[in-house]
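>>> Sequence and predicted model, in that order:
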Amino acid sequence: MTSLIRGGTVVTADQTYRADILCVDGKIAAIGPDLDAPTGAQIIDAGGQVVMPGGIDPHTHMQLPFMGTVASEDFYTGTAAALAGGTTSIIDFVIPDPQQSIMEAYKTWRGWAEKSAADYGFHVAITWWDDSVGKDMGDLVRKEGVNSFKHFMAYKGAIMADDEILYNSFTRSLELGAMPTVHAENGELVFQLQKKLIEEGITGPEGHPLSRPPAAEGEAANRALRLAEVIGVPLYIVHVSTSDALEEIKRAKAAGQRVYGEVLAGHLTVDDSVYLDPDWNKAAAHVMSPPFRSPEHQAALWKGLQGGALQTTATDHCCFCADQKAMGKDNFTQIPNGTAGVEDRMSVLWTHGVNTGRLTMNEFVAVTSANAAKIFNIYPQKGAVQVGADADLVVWDPELSKTISVKTHHQNVDYNIFEGMEVTGLATHTLSRGVLAYKDGDLRAVKGAGQYVKRPAFAAPFDALSKQAALHRPGPVKR
Ligand code: DUC
Ligand code: ZN
Ligand code: ZN
């Protein structure tokens, strides 16, 4: 398959220039002015539009079995919706049950993901610990191309990682050159607050944010960062939603730690007033963790993204329909946690980031694809417009507008947290490995066309960090 994208302005994380892009057999084959079209090539007219690397959403949960149900979006419907919005890769999560072999869980998720229409990779969650977990982490890194491990510091009694698990897994990650990541919320505190609120008769969705205060996130972020500091391993904090956690990241960065922060399009643009909606279904549709926060936290998150303390944007796409949310009708702690967004992330961030002047177009590319590709070690295969890179590209019309609605979205869920939001800046064409998967409203996603992307282990930077940690340690005292 050969395609020529003609007449667009190429925008990458560090450059903006006019050029045509030739894609051959899934790769970018040439970039330059006035390229000749090979015989039979498909011509895509990008005149007046920008051409960027396809988005990478580093945080999704397709068909996740969670809280007694299964997320409604599967790997095909979810990646198809992603392509409609200009996102060409996702990094999803394997979440083994405690005591389940993490390799067995990984294989299960790989099977589910075979129907993906876009490329995908996996972070693997460490939900328990023994020697077999450490061994399987080695095999996942060395043989399977997994270079990041996730730790839920919340969800007590289910998948929560305590400090012992964090210590063991962070230490093993360092040995392997893999990136530990954390969902930072103090799970014990959340558990106790949930109990107290229910006892007090607060059973509706308004109890959800009360049970997960900003301090619970700040404490967990600090704890994870301090563990990482002592161990000498980098750390990636997913869905930073509060200034509390952001301040911990800034402090750690200023102290020389290698730390990365992710923020969700939803946390940047939807505030916590949603939990006070008199319509139970609407309030419950917003139950996700960490919860939506007050405008003060949102303002801080934007500044964190603009200032570089936060490097990536994601969605935590995890869909539950109204009948699933109803499992918590009498008790908010039973409402399956999760909201959608994989389709809308790019246009929401363009509208609220680029169109408001908060982000340049280049910064937009950095935070929607290039930084995630660099942090998770798939750059420049992904996140770049370079000869030899995967031809994952989005042709973007910065003038095109629409109103986001559940009635028109492609996501397999009956609610949209961005309902009614007017966005300007939309994908007109999305190419996944050089194949046109979306064109002007026509979604041509192909079940199974997505490929698993191996992510190699890190080497030199990790060595440097652990050496630095060792420098501060005296040897045994000779007596
Ligand atoms: N938060 C959610 O809202 N859903 C899935 C998992 C998570 O951490
Ligand atoms: Zn999470
Ligand atoms: Zn998540």
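Structure's in. What do you need? Ligands and ions are numbered 1, 2, ... in the order given.
>>> And the residue nearest the centre of this protein?
His59 (2.4 Å; CA atoms, centre = their mean).
>>> for the protein, which helix is longest?
Counting residues, the longest helix found in the chain (DSSP state H) is helix 214-231.
>>> okay, that one in CSV with CA atoms only?
C-alpha atoms of helix 214-231 as CSV (Å, rounded to 0.1, in the frame of the first residue of the first chain):
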residue,chain,number,x,y,z
PRO,A,214,-6.5,15.2,47.2
ALA,A,215,-4.3,14.5,50.2
ALA,A,216,-4.8,10.7,49.6
GLU,A,217,-3.2,11.2,46.2
GLY,A,218,-0.5,13.5,47.4
GLU,A,219,0.5,11.1,50.2
ALA,A,220,0.7,8.1,47.8
ALA,A,221,2.6,10.1,45.2
ASN,A,222,5.1,11.2,47.8
ARG,A,223,5.5,7.6,49.1
ALA,A,224,6.1,6.1,45.7
LEU,A,225,8.5,8.9,44.8
ARG,A,226,10.5,8.4,48.0
LEU,A,227,10.7,4.6,47.5
ALA,A,228,11.9,5.3,43.9
GLU,A,229,14.4,7.8,45.2
VAL,A,230,15.9,5.3,47.7
ILE,A,231,15.9,2.5,45.2
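>>> which strands and helices sit next to the helix or strand just after that helix?
On the C-terminal side of helix 214-231, the closest following helix or strand by DSSP states H and E is strand 235-237. Strand 235-237 makes packing contacts with strand 179-183, helix 214-231, helix 243-254, strand 259-264 when contacts are defined by 3 or more CB pairs under 8 Å, 6 or more residues apart in numbering; DSSP states H and E. For glycine as for every other residue, the C-beta is placed from the backbone atoms N, C-alpha and C.
>>> still on that earlier bit, so the longest helix of the chain versus helix 243-254, what angle?
20 degrees (axes from the mean of the first three to the mean of the last three CA atoms, to 10 degrees).
>>> Specify the angle between helix 214-231 and strand 259-264 in degrees.
Using the same axes, to 10 degrees, helix 214-231 lies at 150 degrees relative to strand 259-264.
>>> How far off centre is helix 214-231?
20 Å (CA atoms, centre = their mean, to the nearest Å).
>>> quick check, it touching ligand 1?
No. Helix 214-231 does not reach ligand 1 (CB under 6 Å from any ligand atom); its nearest approach is 11.7 Å.
>>> the bottom helix or strand of this protein by mean pLDDT?
helix 460-471 (a mean of 63; mean pLDDT, DSSP states H and E).
>>> The stretch 101-250 of the chain: helices as residue ranges?
102-112, 131-144, 163-176, 187-199, 207-210, 214-231, 243-254 (DSSP state H, counting those that start in this stretch).
>>> count of residues packed around Gly177?
19 (other CB atoms under 10 Å).
>>> was I right about it contacting Arg142?
No. Counting by CB atoms under 8 Å, Gly177 stays clear of Arg142, with 9.8 Å between them.
>>> So for the two, which residues contact both of them?
Ala457 (CB atoms under 8 Å, 6 or more residues apart in numbering).
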